[in-house]
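Trainee: give me coordinates for this.
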Amino acid sequence: MRRFFIGVATGAILGYAYVRAMEAVAALREPSTPLAADPKAYGRLRRGLMLGGMARSLATLGVAAYVLAPLTEPAPGEREPRARRMALVAGFVVLSAALDLPADYVEGVALERRYGLSKQSDADWFGEQAKSLGVTAAVAVPLIELLAFTIERLPRTWPLVATAGSFPLLVLANVVVPTFIAPLFNTFTPLEGDFAERVRALADRFGAGDARLLRVDMSKQTEKANAYVTGLLGTKRIVIGDTLLDRFEPDETIFVVAHELGHYVKGDVWRGVALGTLAAAFVFYGSRALARKEGSELATSSGLARLFFAMSFLGTLAGPPLSAFSRQRERAADRFAIEATHDAASGAAAFTRLRERNLAEDEQPKWMELLFSSHPSLRSRIERLEAATVPSLAR
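Mentor: Here you go, the predicted model:
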């Protein structure tokens, strides 16, 4: 039975990769016919690609853990050399990226172009994928080796140590990613002028007046609009996409910035770090039990493969509660923006424009929202803003 499931998973992986590769080759040879701006059709396609990608990812990790990795096991009594283990991990990272590349192209380029949501060239997209692979390998290989080292030295208590180490790593990520990684993919320039002064005044009211105000060239990758507030330990930055600055009314943009500022002011960055640490505990302790290997057996490339298959599975199970937490914080940020701007009407207008520009559905299927969505439905958010419009105007 086990061989049957492994055979099915292997066939599904290869079949999925082949279909996506053929779609990618066809799109590269000749651009597909543009599609009508239909949010429901776009949403269905995105969901199908997402679910297919999740299944393919789990299947790939399963085959790697139970078919490929056992072939790398050291002989009984021998210890796997560290260099060999790191090379195998790096090889898997590259192989996984290669398997993902056709599907990523179909989802991130071909589909977006057909719906008029991206004008990014193939050369730019492939260049970004190469950068992403370099960053992933540079970060993943040392961290996985550090985990293996911890398992070797502390075979009984490594989940506790790994969980404790997750907290500073998550804090570091909130410092390093916006400061050093994001500029590898986009250009960030200081935001200046009258509008910048409005943003600065808003931020100053809530103790974030020292944040850097930046404009980012989101249009390089997408026609969608967005903004965000990020950073910890003196690296605060308010980042607004050029697609938002150039195509929205100033009051609408101020409301979107206020929403994002709400996440920061209400401590959502630190909440995310704390919740991420709790999720890490669930994943580390649970994966040790599911991997069915003890102590140093988990520190081999084969043991690590089983461990990461279990971690990926548990991470998927943790997704719904994490999504529910995110939706709750999005609602809180909406409330903050209403109170900060006293302009719910501009908020409703901004979300309506975001819905149109981002080709977003008013409502996703309920199962999608409950299991995977990090945001409440746009319809519910716009209705709340419209309901708050009258008292806002009265002020």
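Trainee: and stretch 343-355, how far from the chain's centre?
Mentor: 25 Å (C-alpha atoms, centre = their mean, to the nearest Å).
Trainee: what strand or helix carries the nearest residue in space to Leu184 that is not next to it in sequence?
Mentor: Spatial nearest neighbour of Leu184, chain neighbours left out: Lys131 (5.5 Å); criterion: C-beta to C-beta, 6 or more residues apart in numbering. Heads up, the C-betas are built off the backbone N, CA and C, glycines and all. Taking DSSP states H and E as the definition, one finds Lys131 inside helix 122-153.
Trainee: what comes up buried for that helix?
Mentor: Applying a neighbour-count criterion of 16 or more other C-beta atoms under 10 Å, one finds Trp125, Glu128, Gln129, Leu133, Val141, Ile144, Glu145, Leu147, Ala148, Thr150, Ile151, Glu152 buried in helix 122-153.
Trainee: in a markdown table: these, plus distance to Ser96.
Mentor: As requested, these are exported to a markdown table (distance: C-beta to C-beta, whole Å):
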| residue | distance to Ser96 |
| --- | --- |
| Trp125 | 18 |
| Glu128 | 17 |
| Gln129 | 13 |
| Leu133 | 10 |
| Val141 | 13 |
| Ile144 | 13 |
| Glu145 | 17 |
| Leu147 | 17 |
| Ala148 | 18 |
| Thr150 | 23 |
| Ile151 | 22 |
| Glu152 | 24 |
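Trainee: name the nearest of the residues you listed relative to Met218.
Mentor: For these, the residue nearest Met218 by C-beta to C-beta is Glu128; the value is 13.2 Å.
Trainee: okay, now the unreliable bits of the stretch 201-350 of the chain?
Mentor: Residue ranges of the stretch 201-350 of the chain with pLDDT under 70: 292-296.
Trainee: helices along that one, start to end?
Mentor: Secondary structure of the stretch 201-350 of the chain (DSSP state H, counting those that start in this stretch): helices at 242-247, 250-265, 268-291, 301-341, 344-357.
Trainee: residue contacts, the closest residue to Thr33 other than its chain neighbours?
Mentor: In this structure, Thr33 finds its nearest non-sequential neighbour in Arg114, 7.3 Å apart by C-beta to C-beta, 6+ apart. Taking C-beta atoms under 8 Å, 6 or more residues apart in numbering, we find Arg114 in contact with Ser32, Thr33, Pro34, Leu35.
Trainee: tally of neighbours for the first one?
Mentor: The tally of other residues near Ser32 (other C-beta atoms under 10 Å) stands at 12.
Trainee: all further residue positions should be reported with the first residue as 53.
Mentor: With 53 as the first residue, the last one maps to Ser84.
Trainee: relative to Tyr157, how far out is it?
Mentor: Plainly put, Ser84 is 12 Å away from Tyr157 if you go by C-beta to C-beta, to the nearest Å.
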